[in-house]
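# Kindly generate the corresponding structure for this input.
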Amino acid sequence: MSSANSGPASSGGNPGPAVDTPQNSFAYPIYSGVSDSGRPVYPGNPGDIVKNLTQQLLGPPGGQYVLDSWQWFGDQWVERYVPIGEPATTTGDVTVIDSTGANRGAVQTIKVLGNFTVVNGVLTLDLTQAASGTGGTGTGTDTGDNTQNPPGTIATPAFDAQTLSAVLAAIASGAAGSKRLAGWTQFSSILGGSWNVVLRQDGTVRYRAKYTAAITPGATLTAPQVPNTVTTNSTADFNVGTWTLAIEKDGDASRFLLATAGATGGGKQVTFAANLDNSKSVDLSQTVFTFPEALDITASATRLSVSDPRVLSMIDPSQPWNSSIAGTKYDHRIQADRQYTASAQLTTAGTTWGNITTVRTPSSITWNGFDILRRNAVDPGGQPGASFYMALHPPVAWDADPTTARAILSCFGETVDYDTPFRWAFSVEPRASSIGPNIAFNIANCHYGGDAPGNQQPFDILIGGNGKLLLSVTWAADNVPAKGGQQQRWDVPLLDYFLQVGHRYYFEIRCRIKNDGTGYLQIRIRDGLAGTVTLWVNHVGPLGWPGGTRKFGPKWGPYDYSDPHVLFCEIDSDGSVVVLDREQPGYPSLTTAILMDTVAYYGT
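Numbers count the residues shown, from 1 in each chain. Predicted coordinates:
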C-alpha cells in the first residue's frame with residue numbers, strides 16, 4: 001500500500017494519503033464521496049496503488065480508465081472515474097499509470113491490475129518421469145544473475161527425481177482410497193513452511209514469490225492466492241521464449257514441481273491471460289495439480305471374465321491384433337480405410353484415396369504418417385490399463401462407402417439377436433478436436449447385420465455441437481420391406497448431457513431390439529472412474545426392425561457421413577463388452593458398475 005502526499009492543486013489543498021478500501025460492495029463507475037456512500041477516496045498520484053478499488057470499477061482486467069474530475073466532499077477530494085472499453089465486473093487493484101496534469105479536472109489514466117488469470121483447471125501428473133534440467137528447474141540453485149539451464153520436455157507437470165521418488169514411496173504406502181492425499185502430504189512436507197513460485201523465461205527468473213505457510217494437502221494440490229513476498233517481478237512477454245513455472249522449496253531449488261507455462265492459447269500446461277509488467281502478482285489458486293484418479297479408485301470386486309457364457313464380445317486393447325484372437329470373443333472388425341478383422345488382416349497393406357498405402361501393424365493403422373487407430377498398452381491420459389486411440393482424417397474414406405469416413409471398432413454383425421435383452425458397455429474420452437460449436441459425428445450404434453428399413457440403425461448416439469450428446473431412435477413394422485422407410489425420434493433423452501474434453505465417460509446400454517411395446521433402450525453414463533451415474537435415456541416402446549438376418553452388431557468410434565469430409569476429430573476409449581442380460585449360476589450378477597469397470601480396467 002503506497003501513500004500519496006501531494007494531490008491535485010486546489011483551494012482545498014492536498015486531500016491526503018491513499019485509502020485502503022478492503023470491502024466495497026458497489027459495482028459502480030462514478031465516485032462521489034466517502035461519508036455518504038462508503039466509496040473509496042484516492043488523490044491520484046501516477047504510480048501509486050489503491051488496494052481493492054476495482055470491486056467498484058467496471059471493465060475487463062487490463063482495461064483503461066480515465067480519472068476525469070475531482071470533487072470536494074467534506075474535507076477530502078474524491079475522484080470520478082469513467083471506464084473505457086467493454087464493461088465487465090473486475091477484481092484486483094488499481095494503479096495510476098499516466099497523468100497529463102496535476103490540477104483539478106486534469107485527466108489521468110488508470111489500469112485494472114488484478115492478479116493473473118491462470119486459465120488451467122486440473123493438471124494431472126503421470127508420475128512416470130522426473131523433470132530434467134539444472135538450477136531451479138533441476139538440481140542446483142540460482143546463480144547471481146538468476147539464470148538456470150532450461151528443463152527438458154515434460155509431457156505433464158513433473159517433480160524432480162528425488163521428490164518423485166519420495167512421493168511415489170508415500171503413495172505406495174498410503175491407505176487405499178487416500179493414496180493421492182499421501183502423495184501430496186509428502187510433497188507439502190518436502191516444501192515445508194517456506195516455498196516459492198518461480199517463473200522462468202529461457203531459464204532466467206522473471207518472477208519469484210515466497211509463501212511462508214505450508215500447503216494444506218488433500219487429494220489435490222491447490223496453492224494459496226496471495227504470496228507473502230514478491231522478490232522478483234520483471235516485465236516480460238509470455239509469447240516470447242520458453243517458460244516454466246516451478247513450485248520449489250525455499251533455499252533448496254533442487255526440490256520442485258515443474259510445469260510448462262505460456263500465454264493463453266499457446267498449448268502450455270499453465271497459461272496466463274496477461275504478461276508480466278513489473279507490478280502484477282501471480283494467482284495460482286485456480287490451478288489444481290492432481291495425481292491420476294485411478295490411484296484412489298478400487299475396481300469392482302468382481303469383473304466379468306471372457307469365460308463368462310453371457311459374454312458375446314470383449315474388445316480389449318490389451319489383446320493383440322493378430323491370429324491369436326481369431327475365433328475368440330476378443331476378435332472384432334475394424335472399419336477405417338476399409339473393413340477387416342483384427343485377427344486376420346492387420347498386416348495386409350491397403351491403398352486409400354490418393355494412392356497412399358495404409359500401414360497396418362498389430363498395434364496401429366497409419367495413413368500418410370497419421371494414426372487412424374492405435375492400441376496403447378498404457379493409457380496416455382493416466383487411466384488404468386490399456387486403451388484405444390481413434391481418429392478421423394478427412395482424406396481417408398472407407399472404400400466400401402466413400403461418402404463416409406470412419407475410425408470404428410465393431411462386433412461382428414451377428415453378435416446380438418433380435419428380441420433378446422443384452423447389455424453393452426464402452427467408454428469415450430473426447431479430445432479437444434472433438435468438441436466445438438460446429439462439430440457433429442456419430443459415436444456409437446447397434447448396426448443391422450443385413451437388410452435395414454432405412455439408413456439409420458435402431459439407435460445412434462452422436463456427439464453434437466459443444467459436446468452435446470444426441471440420440472436417434474428408429475423402428476419399422478414387420479411388413480415394411482428393406483429400405484421401405486422407418487419412423488424416427490430425436491426427443492428420447494431425459495436430459496441434456498454434454499461431454500467435456502479430457503473426461504472419460506463410461507456408457508452402459510441395456511436394450512431389447514423389438515418393434516413393439518416390449519422394445520426398450522436404457523443408457524447410463526458415468527463421468528470418470530468414480531463419478532455419478534446418470535440415467536440419460538429410458539425409452540420403452542418400438543425399437544428397430546427384424547432385418548434380413550435378425551442379427552445386430554454394436555460398434556463405436558468416430559463416424560463422419562458428411563460429403564466432402566472435412567471433420568478431423570480424435571477420441572480415446574478403454575474398449576467394449578457386450579453380454580446377454582440374464583443371470584448365470586456360478587457367475588456374478590450384472591450391475592452397471594461391473595459392466596463399466598470391466599471395460600475401465602482392461603489390461604490391469
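# Tell me the spacing between G454 and G485.
As judged by Cβ to Cβ, to the nearest Å, G454 and G485 stand 6 Å apart. Where you see a C-beta, it was placed from the backbone N, CA and C, and this is true even at glycine.
# That should have said T352, apologies.
According to Cβ to Cβ, T352 stands 34 Å off from G485.
# So which of these two has more stuff around it?
More crowded of T352 and G485, by other Cβ atoms under 10 Å: T352, with 21 against 11.
# Can you pull the poorly scored residue ranges out of the protein?
Residues of the chain meeting the criterion pLDDT under 70: 1-122, 132-155, 225-226, 264-266, 273, 279-281, 285-286, 298-301, 563-564.
# So in it, which strand runs the longest?
Assignment by DSSP state E gives strand 252-263 as the longest strand of the chain.
# following that one, which helix or strand comes up?
Under the assignment DSSP states H and E, the closest C-terminal helix or strand after strand 252-263 is strand 270-272.
# Check which helices and strands that next one sits against.
Helices and strands touching strand 270-272, by 3 or more Cβ pairs under 8 Å, 6 or more residues apart in numbering; DSSP states H and E, are strand 252-263.
# can you confirm Q186 is in a helix?
Yes - assignment of Q186 by DSSP: H, G, I helix; E, B strand; the rest coil places it within a helix.
# Wait, it touches A172, no?
No - between Q186 and A172 there is no contact under Cβ atoms under 8 Å: 10.8 Å.
# So for those two, which residue has more residues nearby?
Q186 (19 against 10).
# how far is stretch 393-408 from where the chain is centred?
Here stretch 393-408 is found 28 Å from its chain centre; the criterion is Cα atoms, centre = their mean, to the nearest Å.
# which residues touch that stretch?
With contacts defined as Cβ atoms under 8 Å, 6 or more residues apart in numbering, stretch 393-408 is touched by 334-339, 350, 352-354, 356, 358, 367-368, 370, 372-373, 390-392, 555-561, 563-568.
# Tell me which of these fall in strands.
Per DSSP E, the contacts of stretch 393-408 map to strands at 334-335, 339, 350, 352, 356, 358, 367, 370, 372-373, 390-392, 555-560.
# coming back round to it: which members of the contacts of stretch 393-408 are classed as buried?
Among the contacts of stretch 393-408, those buried by neighbour count (16 or more other Cβ atoms under 10 Å) are 334-339, 350, 352, 358, 367, 372-373, 390-392, 555-560, 565, 567-568.
# which residues do G454 and G485 both contact?
A476.
# Next, the buried residues of stretch 194-209.
195-201, 203-209.
# quick one: which of those is nearest G517?
Using Cβ to Cβ, the shortest approach to G517 within the buried residues of stretch 194-209 belongs to V197, at 63.2 Å.
# which one is that closest one nearest to, not counting chain neighbours?
A209 (5.0 Å; Cβ to Cβ, 6 or more residues apart in numbering).
# and the gap between the one you found and F238?
Distance of A209 to F238, computed by Cβ to Cβ: 16 Å.
# before we move on, what about G218?
Taken as Cβ to Cβ, the span from G218 to F238 is 29 Å.
# Compare the two and say which is more crowded by neighbours.
Neighbour count, other Cβ under 10 Å: between G218 and F238, F238 has more, with 22 against 14.
# can I assume that one is in contact with D277?
No - counting by Cβ under 8 Å, F238 does not reach D277; the two are 11.3 Å apart.
# Can you show me the CA trace of stretch 452-466 as CSV?
Extracted C-alpha coordinates of stretch 452-466, given in CSV (Å, rounded to 0.1, in the frame of the first residue of the first chain):
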residue,chain,number,x,y,z
ALA,A,452,-32.4,-52.4,-42.9
PRO,A,453,-35.7,-50.5,-43.4
GLY,A,454,-33.8,-47.2,-43.8
ASN,A,455,-30.4,-45.5,-43.5
GLN,A,456,-30.4,-45.3,-39.7
GLN,A,457,-29.8,-48.1,-37.1
PRO,A,458,-32.2,-49.0,-34.3
PHE,A,459,-30.3,-46.3,-32.3
ASP,A,460,-27.5,-44.0,-33.0
ILE,A,461,-25.6,-41.9,-30.4
LEU,A,462,-23.9,-38.7,-31.7
ILE,A,463,-21.7,-36.0,-30.3
GLY,A,464,-23.2,-32.7,-31.4
GLY,A,465,-22.3,-29.0,-31.0
ASN,A,466,-20.2,-28.2,-28.0
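# What are the buried residues along that stretch?
Using 16+ other Cβ under 10 Å as the test for burial, stretch 452-466 gives 452-454, 456-463.
# Remind me what the helix or strand encompassing I525 packs against, helices and strands.
In this structure, I525 sits in strand 520-527 according to DSSP H and E. For strand 520-527, the contact count by 3+ Cβ pairs under 8 Å, 6+ apart identifies strand 469-475, strand 505-512, strand 533-540, helix 592-600 as packing neighbours.
# circling back to that earlier point, out of the buried residues of stretch 452-466, list just those in strands.
Per DSSP E, the buried residues of stretch 452-466 map to strands at 459-463.
# Quick one: these as TSV, columns for distance to L168 too.
Converted to TSV, those look like this (distance: Cβ to Cβ, whole Å):
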residue	distance to L168
F459	45
D460	44
I461	39
L462	42
I463	37
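# and which of those residues is nearest to P320?
Of these, the one sitting nearest to P320 (Cβ to Cβ) turns out to be I461, at 28.4 Å.
# Give the bridge partners for the closest one, please.
Counting by DSSP bridges, I461 forms beta bridges with A444, L471.
# That one reaches A444, doesn't it?
Yes - between I461 and A444 a contact is recorded at 4.4 Å, counting by Cβ under 8 Å.
# Would you check how far apart the nearest residue to V359 once chain neighbours are set aside and G350 are?
Leaving out its chain neighbours, the residue that sits closest to V359 by Cβ to Cβ, 6+ apart is T366, at 4.6 Å. From T366 over to G350 the distance is 11 Å, taken as Cβ to Cβ.
# what is in contact with those two at once?
Common neighbours of T366 and G350 (Cβ under 8 Å, 6+ apart) are 358, 360.
# Report the central residue of this protein.
Nearest to the mean C-alpha position of the chain, counting by Cα atoms, centre = their mean, stands G502 at 3.7 Å.
# Need phi/psi at that one.
phi 80, psi 0 (degrees, to the nearest 10).
# circling back to that earlier point, check the offset of the strand holding I525 from the chain's centre.
For strand 520-527, the distance to the chain centre is 22 Å (Cα atoms, centre = their mean).
# Neighbouring strands - and their directions - for it?
strand 505-512 (antiparallel), strand 533-540 (antiparallel).
# Next, the buried residues of the last one.
Using 16+ other Cβ under 10 Å as the burial criterion, the residues of strand 533-540 that qualify are 536-537, 539.
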